[in-house]
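Participant: Only the shape, not the letters, is given here:
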């Protein structure tokens, strides 16, 4: 599965025979050699080199600036120390790539300045949580600082005087490595991305300082027993499919130390076979990160900042490493989107091959990323249908909780189509590093709204969140995925969970269906709720777009509107409109960019519809505005929500062309049989698409008579085109 | 000023000696020759040719489809007849460019089918206004149909049999030209864009049918007295600066018949000197359309569909014509953005020169586009500062009313910065051609909200709109522009109007100031209100972005919120938060994309602040959501609002970098002198920017003492950097 090509292979051979040659962390001696041989650099690499040169030259001009660490995230000293690790990193690498000693001297000057300061630093005055740093408010930032700076140091160490080397190691790197490991056991021993950063920082320092004890500690934990440390992190944080339990936003962040320390281990001790560990889990982790994106942005599940995507530096490093391992030219098109690469031999190979026109489309596909160390804790189902990277993509969140950053939205959906997010996930309530927004931390509304079930496209019973909104309790539970199949023109996933609520089972079966009657594939979603007691059952659907039509009689709240509820996120929704009890169906059409979407709802019980919008009880204007359609069954022991999402038409105001702005579906019918249900989608054209779905996905033979036709099939489901 | 180059010059010479050779409307014989000589076509032209070929080949495959005209805009028959004129147009041109007779035959078949139908057509069943069509619900659409179809006919006419030619002209083109002129005098004689379309259609038909009487009628009106017709339209609809009184959205639309008929006149009767008419007003009109845009979209003043921009077909024609007239290579970069050109000799020149790398940046600049036929009815001030097409751009709407599509927002502002609209204009409430949205017409909320003064960034007195919301009354009035200057690092415009309200004068003076203390230029805006009676004075500021900070104590409406008022647009605003009376100042910071903006308000009278949002009393969800800050002086005879808009910092969540998210301004001060005011902006850095502004812009000498300094200047204003 893993093919070692090009520079890494060369590095592997070389380092075996000459383990102590420096640099040898990420930029290696062989990488430097490749740069020397390359002559004119390809554009992507020239850009990387120019950026580093600009940063370091400006810093040389300004002289070193090492302020007292006083500010929290986003504040001056915080941002300055972040900038400094990039300067130290870049200056070291520039020294290697250009041979100019002024770059070495600048990195040295900075490191000596930090050596003068670090020993006396108390814990940071703005510390807030249980893992304080000294240079920064969180030890996490300190580990990141070390991961970058040690690379710069690795690149100049061989050329330093003994005095400088001793001073920098004794007063800065060794104390910092001890601070991050023996003095911060609660972080270092934790199986969590903060622990990975600490392990990477300490282990890379071990290689750079030629101190095997630090490397062992990083790999196996403080007790050297393998219960903690890098390998335990690799084994426990990723599922066999490379899914990181907190979701793609944190996966991206966690990826960096895995990739960097992994490469450092490979370059220094290839005999450890780190990239073969657990069937190549490191590579799987990189690739699955890329798969969890649409139009360059990550799926915003859990506590995600929605702007994060494939252009983040972590993925830039990941692409370079993965390309070196696989030679997969699909990665070059990701690098092209990123418009960036890293100043290493791997980065040079990416830039060179991209410049040579070797890029091919990245193979985004339909896949289930199982969750949990053993892959048996649910999973993230990604259904894609259509051509290219903007093919319609449905994300079904059938994963485990994802620890403290997990949201309480079992079985929720996100839908992308035509380059847009159509059914949306709110992501996190947070403005990263903006001091006026609670110092850039997660806002109170992250807990009161974004994490609550009602903020997501899934069912809420009795106005309470899944697992009572208790992540530790949720952590013990996950959906079971009964069906995941990809066939010609059909993708389907079905999952259920029986303990999101005590005494209730939720089951969701979602089809993505090719259809010649719609602008892009059709989504058919069947959500079953079975409870022991009569319950209020809510199904919200948040959409991006402008309502253009609906067929239900609403009372529209014109001059006064009120919040939907009092807690569990309901307090944050304004009720913009409310219907009387409807018999069984409703439909809503909205416009998103240049395409219309009609949501057809068929509900087994009488229900009310509401149009809701975020913004209530939000004293500091922390929430983004987000509109949704809420269907409510006031009281029932069970209910089935059949939803069809139909993409149709085209709206092009620039060309003044609007076609098919009205739904092309006449009717949705549901016919119950003894062992199965038949759902019929009847188009205006007279064509029908019928989906047979067996009760409990029972695999036997099923027969349903409807409209004088006899529908027969064997198996959990079948699609009938007519 | 006008340089005639290349193909048009050749065409001019040729047509003089051979006036009746066809084609000779827009695509000319010389254009056809240029295509033949070109060999391989440049990419932009190849794309245009491919698109036309695809359209026509598909139509040949399908056969002619000429449905009975029954549907309104957006409906099937409406869209079909629109598609058909493109097919007829393209098929004719393709015949000329390829010589293939099947294209001729397809155009001929279509035209004969229309000839069979047209004579018996009654007025359209869905007619709504006073200018009904027969093929379409509006005669406007019928004129457009003719403008396109006659070009296709012009391209095949010489090759038709006498029978076909006679039939098509007698049963289709002549009746249609009569219907649009003698039978629709209320439109044909009107000085309005509908009249221009009718004139172009009739005049171009005159040239194609070699009927000088139709041309004369088109140029001079039904009475041939020059009181109506194309030349009267040219003289009265554009100001001397090429501004069209309805604003850029309608200017774009109006441009098409001006450009096309103008070119047809030039090609057939160059001796009329149509492009020299009125100092080259046709070219000015094209260029000023381009100038009224930012990031490719038109300034959305008046009844504008916000999506419309430079890529619309009208501007594609305009660019080709203007490039032919001027050879200005800045136009090639506009063509590059458009990614399109027209199937004519002019279009070929654009595509060829673009492909040859001759494009240069279009020279967007600071300019005042005076309004009114004589340029004395106010104007649109465009202030630009910074490099490139995304330079900060402030638009001050100091124009006349702009007829029935004008909004009641005298002296309103729009601000663009960093590629984004920062201070926004709502544009029109309309979803073009969406049947479920009132058939795609202007929605009721266009009158009740979008046209009202409160929907714009300008002052409202006593909750009533300017000119009482009566456009005919407003049409008689306009602001007077007392000052418009561009100096190094300073742009300024000042205007006032004394009859937007009876017995009140509004004066607005707006500076765009270069500043090293901000991320991009600073806006300083001084709005003075002087009324005879104590009035309630509101100044709303609509912004695109997320509030991140404010320094005023708000009561935030958490669980219940109400509409701001009962009429004149106030009924459509929810009050999200309200402050107590504030003494004199407030500030608000928001985040738009990657930059922060702080709005500093200094008000001469005690005021309340409200945060408002559109959406109240909107039964059909016709409004987009739009947030604003409303400052209200409850009762005063006069008030001065000093506003500073400060762009600052950077928010880059992908790179996790946030800097300067808080304002860099310590304080705004206003010091009154005897003859002038001194406004001081004091930055955190200690630097100051002081602006002296003479009362009534009095040009004499002024002295103000402030902070132990003595500020002296002569003239209406002065800028002091310290």
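Facilitator: Received, thanks. Given the structure is predicted, the values throughout are model-derived calculations rather than measurements.
Participant: quick one: what helix or strand has residue A:482 in it?
Facilitator: If you go by DSSP states H and E, residue A:482 is part of strand A:480-487.
Participant: what's the answer for residue A:375, then?
Facilitator: Using DSSP H and E, residue A:375 falls within no helix or strand.
Participant: what's the neighbour count on it?
Facilitator: 16 (other Cβ atoms under 10 Å in any protein chain shown). Every residue, glycine included, has its C-beta placed from N, CA and C.
Participant: Same check on residue A:27?
Facilitator: 29.
Participant: quick one, what contacts it?
Facilitator: A:93, A:96, A:151, A:154-155, A:343-345 (Cβ atoms under 8 Å, 6 or more residues apart in numbering or on different chains).
Participant: TSV for these, including secondary structure?
Facilitator: Shown next, in TSV, are the contacts of residue A:27 (DSSP: H, G, I helix; E, B strand; the rest coil):
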residue	secondary structure
A:93	helix
A:96	helix
A:151	helix
A:154	helix
A:155	helix
A:343	coil
A:344	coil
A:345	helix
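Participant: which one among those residues gets closest to chain B?
Facilitator: residue A:343 (16.4 Å; Cβ to the nearest Cβ).
Participant: Please identify which helix or strand holds residue A:105.
Facilitator: Counting by DSSP H and E, residue A:105 is part of helix A:101-118.
Participant: Can you give me the buried ones in the helix or strand where residue A:577 lies?
Facilitator: Here residue A:577 sits within strand A:573-579, counting by DSSP H and E. Within strand A:573-579, the residues that qualify as buried are A:573-579, counting by 16 or more other Cβ atoms under 10 Å in any protein chain shown.
Participant: Contact residues of the stretch 401-550 of chain A facing chain B?
Facilitator: A:431-437, A:440, A:546-549 (Cβ under 8 Å from any Cβ of the partner chain).
Participant: Mind checking what secondary structure the closest residue to residue A:434 other than its chain neighbours has?
Facilitator: The shortest distance from residue A:434 to any non-neighbouring residue, by Cβ to Cβ, 6 or more residues apart in numbering or on different chains, is to residue B:661 (4.8 Å). Classification of residue B:661 by three-state DSSP places it in coil.
Participant: What pLDDT does the model give residue B:661?
Facilitator: We have a pLDDT of 91 for residue B:661.
Participant: Check the one 10 residues further on too.
Facilitator: Residue B:671 is assigned 97 on the pLDDT scale.
Participant: Now do the helix or strand where it lies: which elements does it pack against?
Facilitator: In this structure, residue B:671 sits in strand B:665-672 according to DSSP H and E. Here strand B:665-672 touches strand B:595-603, strand B:627-648, strand B:676-683, strand B:701-706, going by 3 or more Cβ pairs under 8 Å, 6 or more residues apart in numbering or on different chains; DSSP states H and E.
Participant: mind running it again at 6 Å?
Facilitator: strand B:595-603, strand B:627-648, strand B:676-683 (3 or more Cβ pairs under 6 Å, 6 or more residues apart in numbering or on different chains; DSSP states H and E).
Participant: for those strands, which one ends up most surrounded?
Facilitator: strand B:595-603 (a mean of 24; mean count of other Cβ atoms under 10 Å in any protein chain shown).
Participant: How far does that strand sit from its chain's centre?
Facilitator: Distance, stretch centre to chain centre, for strand B:595-603: 28 Å (Cα atoms, centre = their mean, to the nearest Å).
Participant: Strand B:573-579 and whichever helix or strand comes after that strand, what's the angle between them?
Facilitator: Next helix or strand after strand B:595-603 toward the C-terminus (DSSP H and E): strand B:608-614. Angle, strand B:608-614 to strand B:573-579, by axes from the mean of the first three to the mean of the last three Cα atoms, to 10 degrees: 150 degrees.
Participant: Tell me which stretches of the stretch 401-550 of chain A form helices.
Facilitator: Counting by DSSP state H, counting those that start in this stretch, the stretch 401-550 of chain A has helices at residues A:444-445, A:471-474.
Participant: Export those helices to TSV and append columns for mean pLDDT.
Facilitator: Shown next, in TSV, are these (pLDDT from 0 to 100):
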stretch	mean pLDDT
helix A:444-445	98
helix A:471-474	96
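Participant: Among the ones you listed, which comes closest to residue B:230?
Facilitator: Residue B:230 lies closest to helix A:444-445 among the helices of the stretch 401-550 of chain A, at 60.0 Å (Cβ to Cβ).
Participant: residue nearest the centroid of chain A?
Facilitator: Most central in chain A under Cα atoms, centre = their mean is residue A:248, positioned 1.6 Å from the mean C-alpha point.
Participant: Spit out the contact partners of that residue.
Facilitator: A:292, A:298-299 (Cβ atoms under 6 Å, 6 or more residues apart in numbering or on different chains).
Participant: Narrow the residues you listed to those in strands?
Facilitator: In this view, the contacts of residue A:248 that belong to strands under DSSP state E are residue A:298.
Participant: Can you tell me which of the contacts of residue A:248 is nearest chain B?
Facilitator: residue A:298 (10.5 Å).
Participant: give me the residue from the stretch 551-700 of chain A nearest chain B.
Facilitator: Across the stretch 551-700 of chain A, the shortest distance to chain B (Cβ to the nearest Cβ) belongs to residue A:658, at 3.5 Å.
Participant: buried residues in stretch A:129-141?
Facilitator: A:131-141.
Participant: can you list contacts of that stretch?
Facilitator: A:69, A:72, A:81, A:121, A:123-124, A:126-127, A:142, A:184, A:187, A:194, A:197.
Participant: out of the residues you listed, which are buried?
Facilitator: A:69, A:72, A:81, A:121, A:124, A:126-127, A:142, A:184, A:187, A:194, A:197.
Participant: hang on, the earlier thing: out of the contacts of residue A:248, who has the most neighbours?
Facilitator: Top of the contacts of residue A:248 by neighbour count (other Cβ under 10 Å): residue A:298, with 26 neighbours.
Participant: Which neighbouring elements make contact with the helix or strand where residue A:168 lies?
Facilitator: Assigned by DSSP H and E, residue A:168 belongs to helix A:162-168. The contact analysis (3+ Cβ pairs under 6 Å, 6+ apart) places helix A:162-168 against helix A:101-118.
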